[in-house]
Every structure is written in C-alpha cells, then in structure tokens.
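**Student:** give me a 3D structure for the following:
(chains A, B, C and D)
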Protein chains: 4
Amino acid sequence: MGADARVPVAVVGATGYVGAELLRWLVPHPNVRVVFTSSDQHQGKSVADVYPFLRGIVDSTLVPHDATAAASKAEIVFLGVPHGTAVPLAEAALTAGRRVIDASADFRLKDPAVYARWYGTHAAPHLLPEAVYGLPELYREAIRRARLIAVPGCYPTGALLGLVPLARAGLLTGSVIIDAKSGTTGAGRGAKVEQLFAEVTENFRPYAIDAHRHGAQMEQELRAAGAEATPLFVPHLLPVSRGILSTMYVSGEAAEADLAAVFEKAWGAEPFVSLRGDGPPPELRDVRGTNRCAIGWRQSRASGQAIVVTAIDNLAKGTSSQAVQCMNLVLGIPETTGLLALPLAP
Amino acid sequence: MGADARVPVAVVGATGYVGAELLRWLVPHPNVRVVFTSSDQHQGKSVADVYPFLRGIVDSTLVPHDATAAASKAEIVFLGVPHGTAVPLAEAALTAGRRVIDASADFRLKDPAVYARWYGTHAAPHLLPEAVYGLPELYREAIRRARLIAVPGCYPTGALLGLVPLARAGLLTGSVIIDAKSGTTGAGRGAKVEQLFAEVTENFRPYAIDAHRHGAQMEQELRAAGAEATPLFVPHLLPVSRGILSTMYVSGEAAEADLAAVFEKAWGAEPFVSLRGDGPPPELRDVRGTNRCAIGWRQSRASGQAIVVTAIDNLAKGTSSQAVQCMNLVLGIPETTGLLALPLAP
Amino acid sequence: MGADARVPVAVVGATGYVGAELLRWLVPHPNVRVVFTSSDQHQGKSVADVYPFLRGIVDSTLVPHDATAAASKAEIVFLGVPHGTAVPLAEAALTAGRRVIDASADFRLKDPAVYARWYGTHAAPHLLPEAVYGLPELYREAIRRARLIAVPGCYPTGALLGLVPLARAGLLTGSVIIDAKSGTTGAGRGAKVEQLFAEVTENFRPYAIDAHRHGAQMEQELRAAGAEATPLFVPHLLPVSRGILSTMYVSGEAAEADLAAVFEKAWGAEPFVSLRGDGPPPELRDVRGTNRCAIGWRQSRASGQAIVVTAIDNLAKGTSSQAVQCMNLVLGIPETTGLLALPLAP
Amino acid sequence: MGADARVPVAVVGATGYVGAELLRWLVPHPNVRVVFTSSDQHQGKSVADVYPFLRGIVDSTLVPHDATAAASKAEIVFLGVPHGTAVPLAEAALTAGRRVIDASADFRLKDPAVYARWYGTHAAPHLLPEAVYGLPELYREAIRRARLIAVPGCYPTGALLGLVPLARAGLLTGSVIIDAKSGTTGAGRGAKVEQLFAEVTENFRPYAIDAHRHGAQMEQELRAAGAEATPLFVPHLLPVSRGILSTMYVSGEAAEADLAAVFEKAWGAEPFVSLRGDGPPPELRDVRGTNRCAIGWRQSRASGQAIVVTAIDNLAKGTSSQAVQCMNLVLGIPETTGLLALPLAP
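**Tutor:** As a prediction, the model looks like this:
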C-alpha cells in the first residue's frame, strides 16, 4: 500500500442501504480506497457476508462503530448511521483532525430549536454553525473548505434543485406544494412490517402528510434562497426500490415567468443537472443508479400554476453519490470523478 | 334456461381489460346472465381461449361487435369498446329498445364542442342530452331511469368523489390541483412499448401534464356542483396494475372548513364510500378489486391548503363495477348486489 | 343474532396473512359468521385498526389467543398461528367439544419422529393419529367426519395435486424433482430484512435447497399414494405477493404414459382443479385470489421426462380457502359454497 | 478526433434493449468511441430522442441499418438486430474488412440443419465454420483471432457456465434438467400484449416447455464439452426486467462427485465467475447490471441429484457486456476493461 496514492476513507455504518451504496461508489473510485468499514449489527462478519456480491471485491471485516479508530486510518470519515447517533461519531472524528461527511440528519438544520422539534435536543449545537449543507449546486465553495458536511436528505435534494431557482428569481411568493413520491430504500434497511414486499407491491400511499421531518430542511433552504411562501410537503411511498419524483406546484407569477431562463441561469453549467424544459417529463429510470437530477416544467395559465418536476435516485444523488460529489470537492479533484455512470435502464 | 329469471346482458368488447373486468363482476352476479360476448380482435375464439382461467366458467364464443345482435339477446348492453366506436353501437342498441351502459368516453361530455376538442367531432350529438353520467353518488335517480348511461372515466371518479362535496359546500373558490397516480390498466390492453413491463417496473413518471382528456370531465362536473376554480390535473403512471390514488390540494376557505361535516353530509349514507377523515390515509390496496372509494383528508393552516386523498380501483369503481352499480339501479335491485367483495390484500 | 342460522366460527390468529385471508373468505360466506378474532400482537385493537379496509365490514375487537374463549362462542375454531403454538390451542378447543381447522404445521405429519426432525418434539403426539390431512381432493370423506383437520402447507398442496395422480398410477418410480416458486406471503407477516420490498423486487433466488420443512409432507403423502421415489424439493422466492408455481420433473415411465387419462381419472370430477393438458401452461394469475389449482403437463421423449406444472394461490387454495373448503365439508353444505370467486386478473 | 486513440466502433441496432445496453457499456469504455448508431424504426431521430437520459451523453443521430456505412467509420461492428437480419449485415461488414460481434442468433449454431429447424434456412452457411461462439470462458483464444463472433444467447450463457465443467469432468451422463427463469427484457423491446406490465406483474409462467430455440445451443455446446445426455430446457418468465436464474438438476455420478474441485478447475481463474459453493445461493441482484456469473451448488444423495444454480444479468453477461468482453479480447486489452461495475443492489 506504501505507494498507493489513493486517499484512505472510512465508512462508519457500511451495511445499511446508505452505507452499501457508499461502497458501490467508493470502491471503484480512482482516487480513494476504503480502509475502514463498521457495523454494530454485523460486527465480526465481513462485508461480503452481508452482501455476497462483494466477495472478492470488498473483503474488509466489519468492526463496531468507532470514529476514533476510523480517524486513525482514514482522512475522510463518512457516516452512514441513523440520526442522533452521528453526533458523537462526528465529534470524535473532527477532534482527531479528520473531515466528516455525514449522511444523517444531525447537521442539516441550522436552528437547534427546529432540530429539537423533529429529532429531540441536539447533542452538539456548537457544531451546527460550521456544518455545511452538502448540496454542491448550492454551496460548492463552502463544501471545498468544510470540515463537517451534512449531506441533504433525499426529499430535500429533489425539491430544492427544482425550487431554489424560482426562489432566487423571486417567484416563490404564492403557494408552493411539493407532492413527492419515493422508493422504499428511503426508509432504510430496518425490518418493518410496513416495508415488507407484500405490503408495498401493487400498493401506493401517502404518509406523514404535512408532517415529514424533511419539510424543515426544505423550508430552511428555500427561505435562504428568497422564498416567502411556506411550502406544503406531502410524501408518498412508491412500489420501487430507488428513486424520488417530485411534482411541484407553484402559484403566482411563476405561472407566466420565463422558466427556461430561470433554470438555465441557475443550473446551466451544472454537470449533474439535466434540464428537460417542456420536453418529455423526467422519469425515475432516467436517473436510476446515477448522480443526476432531471428537471422538467410546464405552465398552466388556466389554473395559475407552474409545474416543476424533478427526478433523482434517492440513494445516489439523494444521498451517497452526492456525498462522494462533496468528497471530490474536498479532495480538490474534478467534481465528476467516479460519478459519470449511465442509468441502469431498463 | 326457460325458468332462468336472470336478466340477459351483453358485453360488447369483452376481451380488453374493461370487458374482462365486466365479466369478472357479471358472471357471479345473482340477477343477470351474460348471453353475448364480442371481440373484433378475437372473433371466433372462445372467451376461455383469451383468458384460460375462464374455461369451464365462461365458455361463450366471441362474435364480432354487433349491437343489433346483442340487443336481440340481451336487455342491457354493456359497451367496453374504444371511444369513437361506441356511438354507432349505442345507437343501434337504443334503436332496438335496449338500455345501454357505455364504458367509453363517447357520452360523458355534455358539450359537443368540448368533446370535439379532445376526441374529434361527435357522431351523434343528439344523444348527449339524454345520456346520464354514471356516477351513482351524483346521479342515482337519473341513472335508474336512463336509457343511456355514460360510465365516468377512472380519473374523474376518483377526483369527483373527493372534490364534489367541497364544490357543493362552496369551497372550490381558490386553486384546485389534482395530482393523480394510476396503475397501467387504465391505458387498456393494447400493445404499446411504453407499457411493457421493463419500461414500467421500478419506474414512475408524470404524463399529459395539464393536457389529459379526463380533465374536461372533471371540470364539467365540478362546475355543475358549484366550483368556481379551473382544476389543474396532472396524471402519473404507477408500476402497479390496478388503482388510482389522487392527492388533491384545495386552497382558500377549505383549509379551515369543517371537512368532516362536509364529507359526512355528502357521502355519509353511501355504501361504497369509506370516509377516513384524518386517520390512516387511503392506500391502493384498501380498494383493490372492490367497488369502494376511500377518502381521507388533512388541513394545513401554514400553507393554506386542504389536502384530500382518494383511492379507487380504476378497473372496478373506476369503470366496470361502477357500470354494474349502475345496472343494479336500472334493474331496481339493491344497489350493492354482487358488489360487496373484500379487497385482495395483500 | 337469535334468528341467525349461520354457524359461529372463531379465527384464532386473525392478523397474519393467513388469518386475514381467512376473514376475506369467511366474512362474505353465507353459512357462517365470525364471532371471535384474536391476536397476541394487536390485542385490544379492532381488526380494522390493523386492516383499515375492514372498517365497517369486520369491526370485532382483537382479544389475546384463547381457545377456550373461542370455543365458548364458536362451533368451529380456525387456528392461524405459528407452528408449535397451535398444539395447546387445538387441545383446548377439542376438549371443549369443538372442531378445529388448523392452518399451522402442527398436525400435518403423521410420524412424531419426522415432526421432531423439522420442528422439535411434538407436544401432543396422541392427537396425530386422528388428525386428518385437509386436502379434500385426497381425504374428502375423512374430512367430513374429522374433529381435527391439518390444512396442508402451501407447497405440498401444489406439489401433491400434480404428483399424486402419477403416484397412484405407479408412475413415480424414477426421480421426482419439484422446482417450486412462491410469492412472499408464504413466509408470513413477520418483519424480516430478507422480506423487505427492496430486497425482493427485481430479485429471485432459491432457498432451503433440499432442506425445506415442507418436503417431509410431500414425501409422506406421495409414499401413501404409492410413490417409490424420494422427491427432491427446491423452493424459490418470487417477487410477487401471492402464488406458487411448481414445475415438476418425473423420469421413467411417466415420460410416455397417458397422462391425460391419469389426471382425468384422478381429478376429472374435482370442482377446484382445472386440467390444462398440453394447452397453455398454468400461470399464477389464472388462480390469483381463487381456491383453484391449474394443472398442465408435457412429455419429453428425448430427455425421458414428464413435466407437470401446477399453479395455486398460496394464501387461498394453499391455505385459507382450502381451510374453508374443509369447513364446508364439515358443515355438510355444498363444497363450493363461498369459494367460486374468479381470479383478480390483471 | 485526430488525436483520439480510441478505437471507433459501430452499433447497428442501437435502440432495442440489447443495443441500448451496448451503449451503456461502450460509451464509458476507455478504449473505444461509438461513431455509428442505427435504427430502422427510429431513423432520423437522435439516440436521446429515444432514451432521454442519454441527452448530452450520446447525441448521435440514428441512421438506417447499413453495415457498409458502419464499416466505413468503425473498426468493430456490433450487431444488435433480430435473427435473420444479421446475416447480410455481417457479410457486408466482413467484406469491408471489419470485425463483427453479432448479438443475434444467426451464427451461434454450427449445423445449418439445426439452424433451419429453429430459424429457417440460413442465408450464409459458408460463414458458420469460421464464426466463433463468443463465450470467453470457453473460447477465449479463438475469440482473440475471430473475424466473426456470435455472442451466445442469454439462457445458454447461464446454463453453460454451470454445466460445462460437469460435462468436461464426464459427469453429464444421466438426466440433465435446466429449469430457467428469466426477466422480460430477454424478449426484446417489441410491443407485445403478453409483455405488458399488467400481464407480467404478480404473475409467473413457464413457456416453450422443451421447445425453446436456445435449447439447441445448449445441446451443441454441452456435447462439444463431453456430455452424453440430452438436456431438457424449461424457461419461465419472471416479473423482473433483468436477470436469469437457472436451477439445474444433474442425476448420476454428479450427485456424489467433488463439485468444488470440478468448478475450481474450470473457472477458478475466471475474472467474471463467482463460485459460491454451498454458501448462500446466487440471487439475481448479485449480478444485476454486471458482467458476472454467480454459481452455487448442492448435492442430494437421497434423490440422487446434483443441483447447480447460476445467476446472470441477461442483458449484460447474457448479451451486451459479454459482447464487450469479446471486444476486449479482440482489441488485445485487459479483458476486464470497462467491465468491473458493481451490481445495482438494491
């Protein structure tokens, strides 16, 4: 390994869907090597015991979560653990002088009071000011320099890439409705009756109507971008494993504004945003397994609404490949390194 | 057969999804017997050649579409054919003195000009005034006496059962958004690349945004019920075979009105409407294979919206079992006869 | 209820997939009424709290499992509980003078030693001799008189209906291979990671190769019917909720025998067996939601094999509607009462 | 382009599932560039008109099929067209001095009489002797030198990788049964009713029992490897888009042989074969989107059978990535170049 110029990275929480997807992007990445993988649930096993298709590809042993141990081996520590449990791990890794890319919700909300409303009292509010919201399309320069990066939630990624351009253009003054539909991996790999195959297949349902934790992130970032409206967020559960499609309704001036110009100005140079305009609307399969976000729109004068549609892969651009995009910025390498996979379609 | 008191009925167009579903409800129905089945595509075969599971259960031969022949054998003629082709069949059956229950779009729109905008010139506009919109919850008494019943489209059934109560209560004055998600059988059984399994599974997409033909029916009936707003209708394609879930957003006074009272007044006595209030929201599986519509709602003061959610089975309450519900009214038998199946869940 | 001539029945274990499916068949059944429903997990709730689509249809409260209480109200006690836990419940109900229809594995195997190999020591081996294997096509007359009926496992039902006719005809002398593919409900409604939607969708896998507990039932009944061979049973998990399709390979004389005559002799008069011969092979959708078994076959001289294919719905003919078929025999009413539903297809 | 050292390649037939999958592997491949894409059906459109997710990634125009034009631009010509139509295209490209990698069935069978039995008279039987069967694990050295490569069918790839080692070891002397289950993309992207989502979801069925064209390839290659038995091949249609799992039953000495040694000898050094032994059996998701084949086995003394299970992705190792593996051999570059993707799981 002496001559291996690849940067060592750690994945704390490697066996959930987020952790496994981090491995899927990190293992073939040309600039890094995974030197640490942990799992409290599967400690002592190898990664390949949990995911047999990784045998011969990633054979590292799973140790218990331990950010200090991770920091002793790796320069960048990814956290793929549940919210609440990321705080002490992040603190330990930061104390050891490492940079942390956290895929949990622990550092996404700036206001400890808002955090408390959804998740309980924050255990390290002093870290919130320096945490950078890991959406490169919004905070690219801050991410480059950040010690602590909070990768956005999957729903907020899809909503914000579609609405921030309108917020910046002063078009979010009327009602803003986010009708989002997600695949099941967004709920993680825990064993729950409501996530059993037989409960989900041939089914579809809304849940947490106007009461989902991700709504707070959306509101935080939309207000930061200039929105005046309080968005209404209604998530639904799709019988698919991956993907979020968000259909968003914006009333007011947006119904007649030059949206092509608005989106071109905001994302015209972005490598991972595909602007569809009023062509074929985005579909989940267009982005499946990729770090891309596809955005389309329509305007309805009769009803006074602009309709914006975005599609992402919740595990990729919605979480893990977005974390790697942040890592590329941190490492100072081309932002698209290791992230140009085509979608698996069909 | 001499002593068989069951009413003879015909199914013109028996091998598409609508026709096969008509058979699924009519064959076990205690008050009728199916005496005529037709299919232009499969003429000469038996029904069981097309649907092997019907062998020994429905063994009638498929003849070409012929409403006069159907009318010579049956008292009630169901039409399960594509729009445009139903008009001459309906005319012939009416001329022969039979009653017609048409599952196509040909007699749903009252205004020939509106029909023409979406489907082309109407071939028998003189019949439009007497056609009754076959949504029993709206037009029960007229259906009892009707010669010609136009079974509503699947999307309008789901939207109207959720919104008509608000329209009647004067609550549809602001924006009305219908974000609907449908299974694939809504598109019929024609061979289309976009409906192939590999194109639909693990996928999800909007289509015909603000441009779907069913929008005109919704607008017609909502205005008839007192709505002032022009609804915005956005359909999506779900990777499920059956079911439509409609998430509807109503701004204005509805955000604070007593919706429980509004729905109770409208549908409290309806045998096929399940009012969920703010309990667990409707899911597709709750109504799968049934003639029921489940309705739930929430109100968001912060965003100024009422959210109404409805779930139906597009082939059942959305089309074929609703046609049978109309038939029960025509026959003067209890409206629920043959229609009380429990959902197939899981 | 005084004038209600319907027989009172109890469902002990009403909220798993088997129990819920029992309700789906029993609630609309004209000759019985469900007077007792229990669930240890959900005790205190109503059935409709667990399955919202049953609100207004089945509103009984869920009490803890208690066969004595069940027996005090009901004449027939259905057991929809896990193996091992059925024995004491069955004993209590029998002691109270009731008849028991058990959907668990506890009374299916005649030999306590065989039971012990797969499930542990049997707690009431004295009951095994009188328990009747609840496959009406094999044991119709014994079922009519039985106090204790052991409903067969889902896999054995599909395998035996396809192979017993050959065994009886002396054709199971060479190798017998049962390659079976099942939907996920066969594994019950427990929360398991391997049954999560995202683990099952777009996936397929064999499991318990030559090591599944249901193999012992198959061997027991095939030998009883005259088979000389030891069958090899390989189950697979399909990404569907319901259904078992078994593809079975029989070498030896069966490759050239008159299978049509063999099956006609065995099942020609059976109301729930559909003989397909060498027509279109059985499909899962042909039997979805029904009490039917479809059987097809082919013969390959070149390879020296007969191929027999059967399809059943694992929750219906594979368990719950078969239990109701047994109940009809016990009650002395027509065997098809309440069991003639058409498949939900599509 | 002058300085572009990448080899120009053509994809004749670029819009079917095989062609699109070829693009998915070829576009990011470091050693080639796609300079020609054709489609008779979509000629004049761009590739991105057919597959919107390729916009900005592959923007080439689709021209009509024309092997001479393809050969004028490319050094290697891939054929992704239906059987029968590949022959003249291959001839033209060979005449122009190019190397041809054909994904159709036209050059897979060595015996024109066998070809005729399944596909009709062969139009260029003189080419059959030089065509090399493009399964690198069997014909690596011949592929390196071949002008004309016939990529194997998807079913034969899965079957042969599991059975050839046994054939070579003299273990295929008794019965050999191939019970294979495939995703729907194996049937191509043509619009067929039987491939509609609503016909496939929640369904499963065998088809072409002992009568599938791919059986001839299996027999040809198994005999070439030393098999004495005539295999019996029974394919089934799974409700998944990608993947073939083959469960194979071998009677005779194989039931007790040292299969681990047999497989290790055959495939121990193969980069794309994962030997699972008697560990967790292969699953479709283990190989989804990859060029890998996973192989597991069990032995049953009681039934006298060895059970061999293989899993491949039918569009990848089953067709298109296997074609690229052949191309790597032709180009003399490392065989794994561009082919090391991890599976998309979940």
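
**Student:** show me the strands in the stretch 101-250 of chain A, by range?
**Tutor:** A:132-133, A:148-150, A:176-182, A:205-206, A:232-237, A:244-251 (DSSP state E, counting those that start in this stretch).

**Student:** count the neighbours of A:K181 for me.
**Tutor:** Neighbourhood size, A:K181 [other Cβ atoms under 10 Å in any protein chain shown]: 28. (Glycine included, C-beta is placed from N, CA and C.)

**Student:** who does it bridge with?
**Tutor:** Beta-bridge pairing for A:K181 (DSSP bridges): A:H236, A:L245.

**Student:** is it true that it touches B:F204?
**Tutor:** Yes: between A:K181 and B:F204 there is a contact under Cβ atoms under 8 Å: 6.0 Å.

**Student:** give me the common contacts of the two.
**Tutor:** With contacts defined as Cβ atoms under 8 Å, 6 or more residues apart in numbering or on different chains, the residues shared by A:K181 and B:F204 are A:238, A:245, B:236.

**Student:** nearest to B:A71, of these?
**Tutor:** Lowest distance from B:A71 to the shared contacts of A:K181 and B:F204 (Cβ to Cβ) belongs to B:H236, with 39.5 Å.

**Student:** count the neighbours of the closest one for me.
**Tutor:** Counted with other Cβ under 10 Å, residues neighbouring B:H236 total 25.

**Student:** I figured it was touching B:R205, is that so?
**Tutor:** Yes: in this structure, B:H236 is within contact of B:R205 by Cβ under 8 Å, at 6.5 Å.

**Student:** shared neighbours, these two?
**Tutor:** What both B:H236 and B:R205 touch, as defined by Cβ under 8 Å, 6+ apart, is the set A:L245.

**Student:** still on that earlier bit, need the strands of the stretch 101-250 of chain A in a markdown table with mean pLDDT, can you?
**Tutor:** What follows is these, written out as a markdown table (pLDDT from 0 to 100):
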| stretch | mean pLDDT |
| --- | --- |
| strand A:132-133 | 98 |
| strand A:148-150 | 98 |
| strand A:176-182 | 98 |
| strand A:205-206 | 98 |
| strand A:232-237 | 98 |
| strand A:244-251 | 98 |
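
**Student:** dump these into JSON lines; add distance to C:V50 as well.
**Tutor:** Formatted as JSON lines, these follow (distance: least, Cβ to Cβ, whole Å):
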{"stretch": "strand A:132-133", "distance to C:V50": "40"}
{"stretch": "strand A:148-150", "distance to C:V50": "38"}
{"stretch": "strand A:176-182", "distance to C:V50": "24"}
{"stretch": "strand A:205-206", "distance to C:V50": "15"}
{"stretch": "strand A:232-237", "distance to C:V50": "18"}
{"stretch": "strand A:244-251", "distance to C:V50": "29"}
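
**Student:** what's the closest of those strands to A:H122?
**Tutor:** strand A:148-150 (12.2 Å).

**Student:** mind listing what that closest one pairs with, with the direction of each?
**Tutor:** In the sheet, strand A:148-150 lines up with strand A:99-102 (parallel), strand A:132-133 (parallel) (DSSP bridges).

**Student:** return the most buried member of these.
**Tutor:** Most buried of the strands paired with strand A:148-150, by mean neighbour count (mean count of other Cβ atoms under 10 Å in any protein chain shown): strand A:99-102, with a mean of 26.

**Student:** hmm, who's touching that strand?
**Tutor:** Applying Cβ under 8 Å, 6+ apart, the set of residues contacting strand A:99-102 from outside is A:75-79, A:86, A:90, A:93-94, A:131, A:134, A:146-151, A:323, A:326-327, A:330.

**Student:** for it, give the mean pLDDT please.
**Tutor:** In this model, strand A:99-102 carries a mean pLDDT of 98.

**Student:** and it, C-alpha only, in PDB?
**Tutor:** Provided in PDB are the C-alpha atoms of strand A:99-102 (Å, rounded to 0.1, in the frame of the first residue of the first chain):
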ATOM      1  CA  ARG A  99     -13.000  15.700   7.700                       C
ATOM      2  CA  VAL A 100     -16.500  14.300   8.100                       C
ATOM      3  CA  ILE A 101     -19.200  13.700   5.500                       C
ATOM      4  CA  ASP A 102     -22.400  12.800   7.400                       C
END
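
**Student:** what separates it from the chain centre, distance-wise?
**Tutor:** Here strand A:99-102 is found 13 Å from its chain centre; the criterion is Cα atoms, centre = their mean, to the nearest Å.
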